[in-house]
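K.L.:
Have a look at this fold, sequence not included:
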């Protein structure tokens, strides 16, 4: 059974930084694209960032561009989300996900989420 496990969430103040990690239990995921999504209370889940299997291409939501950085270490089957200059509106449950790295593929595997709370 495939498991994606997020860690690194917590309570921080506006302007602080956090780094989220997402480890996956299967080595074959090194060939998968990985992404981060978030869901704030009362809102729909939204895309945050995505990285190709090689790490050579990354995409970001406009709301986090320039503040967040997605990266991956395939030797450790882990993807990271470095979040800088955090704002209260970044408060959400953050989920990592994985999909085959092919055009038009959908995210098939999801973690349980980690809470990030940013106080003003």
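P.N.:
Ah, there it is. Remember, predicted model here, so these are calculated numbers, not experimental data.
K.L.:
Let me know the helix or strand that the residue nearest to residue 36 when sequence neighbours are not counted is in.
P.N.:
Closest residue to residue 36 in three dimensions, ignoring its sequence neighbours and counting by Cβ to Cβ, 6 or more residues apart in numbering: residue 48, at 4.3 Å. (Glycine included, C-beta is placed from N, CA and C.) Using DSSP states H and E, residue 48 falls within strand 46-51.
K.L.:
now residue 2
P.N.:
Secondary-structure assignment from DSSP H and E places residue 2 in no helical or strand segment.
K.L.:
Make sure it is actually in contact with residue 77.
P.N.:
No. The criterion here is Cβ atoms under 8 Å, and residue 2 misses it with residue 77 at 10.8 Å.
K.L.:
More neighbours: which of those two?
P.N.:
residue 77 (19 against 12; other Cβ atoms under 10 Å).
K.L.:
check contacts around the more buried one.
P.N.:
Residue 77 sits next to 23, 24, 25, 26, 27, 29, 30 when contact means Cβ atoms under 8 Å, 6 or more residues apart in numbering.
K.L.:
redo that, cut-off 10 Å
P.N.:
Contact criterion Cβ atoms under 10 Å, 6 or more residues apart in numbering gives 4, 22, 23, 24, 25, 26, 27, 28, 29, 30, 32, 34 as the residues in contact with residue 77.
K.L.:
so the last one sits in a strand?
P.N.:
Yes. Assigned with DSSP: H, G, I helix; E, B strand; the rest coil, residue 34 falls within a strand.
K.L.:
burial count for it?
P.N.:
Burial measure for residue 34: 31 neighbouring residues, criterion other Cβ under 10 Å.
K.L.:
so where does the closest residue to residue 113 other than its chain neighbours fall, helix or strand?
P.N.:
The shortest distance from residue 113 to any non-neighbouring residue, by Cβ to Cβ, 6+ apart, is to residue 93 (4.2 Å). Of the helices and strands defined by DSSP H and E, residue 93 is found in strand 92-100.
K.L.:
Would you give the sheet partners of the helix or strand following that strand, along with the direction of each?
P.N.:
Using DSSP H and E, the helix or strand that follows strand 92-100 in sequence is strand 109-110. Listed by DSSP bridges, the sheet partners of strand 109-110 and their directions read strand 92-100 (antiparallel).
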